[in-house]
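for reference, the sequence and a predicted model appear below.
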Amino acid sequence: KTPRKGPAMPSTPALDWNLVRSFVAVADAGALSKGARQLGLAHPTIARHIQQLEEALGIRLFERTCSGLAINEAGARLAEIGRRMQTDASAFEAVAESMRTTRSGVVRITHSELMSDLVPELLAPMLHSDPDARRQFEIIVSADQLNLLEREADIAIRHVRPEQSELICRHVGAMLMRAYASRSYKERFGMPTADSLQDHWFIDGASEQPFTMAVERLGLDIPQERVAFRTDYQYAQRRAAASGLGIVALPAYIGDADPELVQVLTAPSEDPDSASEVAVEVWLVSRPGARQQRLLAEVGDHIAEQLRIRFAAPLIHAA
């Protein structure tokens, strides 16, 4: 006689690792907004991840208070396990990465807009020069620092040294920044000097004012009422300067090559230290294990060499 089967036990659904990752980020950061910034996610997305994880587990991980989320005892215990899961996942990916010897594949590179005119030129020799290496490049131009440890990108070109000690960092030089204006602007308003800045017009960023800050480092001052055009997009700043709207700060490799622009605020021969010239550091950054993966190692070494050729110059004023 066949024994009767008891009621089936409810099965626990497989957990989505992305939910655990978001939970650990919020637990470590102590707030949804900080966890979202750490992972590069929108606030509603990470809030939804926490809710979905609590529903999947059937327990609360945080207590909702008027001041935000407070992790409870269950959440604290699971956060410890989640951190170990992160460590093991990173180790798993690093070992798998070290076993890949192919020279073909996709490489994701992130950099700021300061490098947007140069990076395609740097990568061009690697794209079709070797028929045995089918390389593809995905370029992410962003002012935000993507998380390489979370594999949001493979290689980053940055202008400050990252604080994450696990990352591989190479200092490859310093990019000069100079002031430029159109010839028509110079003919109309004259050559600007340190004593006549209040009589000139300027172009700067909207969300941040890098030109203003750079000039302040030189002991000068740009009156904010004289900033005629603001945009965070470098190409738009350059076109505005070429149209005669004002003086703009650009990487020297861009400004010097633009036939519509001339350098201004240059140092007089008797006072070479007074030039409005700053240098932005250039770092090439990759995640752990990149040196063991042939594709990433070759691309990283190539970019580092090309950047050193262009930017291995002494600092004028550190930005």
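Alright, I've got the coordinates.

in space, what's closest to Gln86 - neighbours in sequence excluded?
Once flanking residues are discounted, Gln86 sits nearest to Val24: 6.2 Å by C-beta to C-beta, 6 or more residues apart in numbering. Quick note: C-beta positions are derived from backbone N, CA and C, even for glycine.

for that neighbour, give me phi and psi.
Backbone geometry at Val24, expressed as degrees, to the nearest 10, gives phi -60, psi -40.

quick one, helices of this protein?
Here the chain has its helices, by DSSP state H, at 17-29, 32-39, 43-57, 73-98, 119-127, 183-189, 210-217, 234-242, 252-255, 294-311.

adding mean neighbour count and mean pLDDT, write these out as JSON lines.
Below are the helices of the chain laid out as JSON lines (neighbours: other C-beta atoms under 10 Å; pLDDT from 0 to 100):
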{"stretch": "helix 17-29", "mean neighbour count": "20", "mean pLDDT": "89"}
{"stretch": "helix 32-39", "mean neighbour count": "19", "mean pLDDT": "84"}
{"stretch": "helix 43-57", "mean neighbour count": "16", "mean pLDDT": "91"}
{"stretch": "helix 73-98", "mean neighbour count": "14", "mean pLDDT": "81"}
{"stretch": "helix 119-127", "mean neighbour count": "15", "mean pLDDT": "90"}
{"stretch": "helix 183-189", "mean neighbour count": "15", "mean pLDDT": "94"}
{"stretch": "helix 210-217", "mean neighbour count": "18", "mean pLDDT": "86"}
{"stretch": "helix 234-242", "mean neighbour count": "19", "mean pLDDT": "95"}
{"stretch": "helix 252-255", "mean neighbour count": "19", "mean pLDDT": "94"}
{"stretch": "helix 294-311", "mean neighbour count": "18", "mean pLDDT": "92"}
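
now those as CSV including distance to Glu281?
Listed next are the helices of the chain as CSV, based on distance: least, C-beta to C-beta, whole Å:
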stretch, distance to Glu281
helix 17-29, 27
helix 32-39, 23
helix 43-57, 32
helix 73-98, 27
helix 119-127, 17
helix 183-189, 30
helix 210-217, 13
helix 234-242, 18
helix 252-255, 15
helix 294-311, 9
